[in-house]
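Chemist: below is the sequence, then the predicted model.
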Amino acid sequence: MSRKVLTLVLIRKPNEVLLGYKKRGFGSNKWNGFGGKVEDNESICEAAIRELREESGLVVSPANLQQVGMINFEFVGDPIILEVHVFTSAMYEGQHFETEEMMPKWFKLQDIPFHEMWADDRLWFPLFLSGKKFQGYFLFQGHDVILKHTLNTVEHF
Ligand SMILES: COc1nc(N)nc2c1ncn2[C@H]1C[C@H](O)[C@@H](COP(=O)(O)OP(=O)(O)OP(=O)(O)O)O1
């Protein structure tokens, strides 16, 4: 098994969350946070800020970026584990805009489109939205079926 480290950033307002509709690549046609692969020359935090800026136009400072989750994803038949570091910020600069990869949109918390998101999101978003930190593992069959998972709250990262 090898490992790929990725980031996922969720920008919050008190009653809303900013999601992006992924237009191409892995997870296309799903709403998700903003993120991607950590490059060799950067920290995980730097990658989170860069990917958010590239995919949404928003700029977050390191001081305002808070890690809330870490999830390992495994796909049956794929030897690569995705290690996804989940961050949030309520502070940002700039106006979001559509990019070639993502179409950003604010959602009221009661209107989060779980039916058009990765299946795991329905399970860990409640922890994220209630301010808890968490670690998880999800084993997927294809891109829609979760065969097993673990999900635990943690005190800090
Ligand atoms: C499998 O379950 C997942 N659930 C959620 N909510 N998010 C996931 C899942 N698996 C991956 N992700 C996230 C992690 C990243 O934020 C993106 C995938 O990033 P991508 O492959 O598009 O990375 P890039 O560096 O942008 O890649 P390209 O430059 O090749 O487009 O999804």
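Modeler: Looks like it arrived, so ask away. This is a predicted model, so every value here is computed, not measured. Residues are numbered from 1 along each chain as shown.
Chemist: for the longest helix that the chain contains, name the packing helices and strands.
Modeler: If you go by DSSP state H, the chain has its longest helix at helix 44-56. Here helix 44-56 touches strand 2-13, strand 16-22, strand 80-89, strand 102-108, going by 3 or more CB pairs under 8 Å, 6 or more residues apart in numbering; DSSP states H and E. C-beta: built from backbone N, CA, C; applies to glycine.
Chemist: can you spell out which helices and strands pack onto the last one?
Modeler: I take that to be strand 102-108. Helices and strands touching strand 102-108, by 3+ CB pairs under 8 Å, 6+ apart, are strand 16-22, helix 44-56.
Chemist: how much does the helix or strand that it is followed by deviate in direction from strand 80-89?
Modeler: Scanning forward in sequence from strand 102-108 by DSSP states H and E, the next helix or strand is helix 121-129. In terms of direction (axes from the mean of the first three to the mean of the last three CA atoms, to 10 degrees), helix 121-129 departs from strand 80-89 by 40 degrees.
Chemist: could you number the chain from 288 rather than 1 from now on?
Modeler: Taking 288 as the first residue, the last one we looked at is helix 408-416.
Chemist: got the angle for helix 408-416 vs strand 289-300?
Modeler: With the same axes, to 10 degrees defining the directions, helix 408-416 sits at 60 degrees from strand 289-300.
Chemist: got the angle between helix 408-416 and strand 303-309?
Modeler: Here the directions of helix 408-416 and strand 303-309 differ by 150 degrees (the same axes, to 10 degrees).
Chemist: got the contact list for the closest residue to Met404 other than its chain neighbours?
Modeler: Nearest non-adjacent residue to Met404, counting by CB to CB, 6 or more residues apart in numbering: Trp318, 5.1 Å away. For Trp318, the contact set (CB atoms under 8 Å, 6 or more residues apart in numbering) comprises Leu306, Gly307, Tyr308, Lys309, Lys392, Phe394, Pro400, Glu403, Met404.
Chemist: so which of those residues are also by the ligand?
Modeler: Near the ligand, judged by CB under 6 Å from any ligand atom, there are no entries from the contacts of Trp318.
Chemist: which positions in the chain make contact with the ligand?
Modeler: 293-295, 312-314, 319, 322-324, 360, 369, 371, 405, 407-408, 427.
Chemist: and those residues, which are buried?
Modeler: 293-295, 319, 322-323, 360, 369, 371, 405, 407-408, 427 (16 or more other CB atoms under 10 Å).
Chemist: no further questions, thank you.
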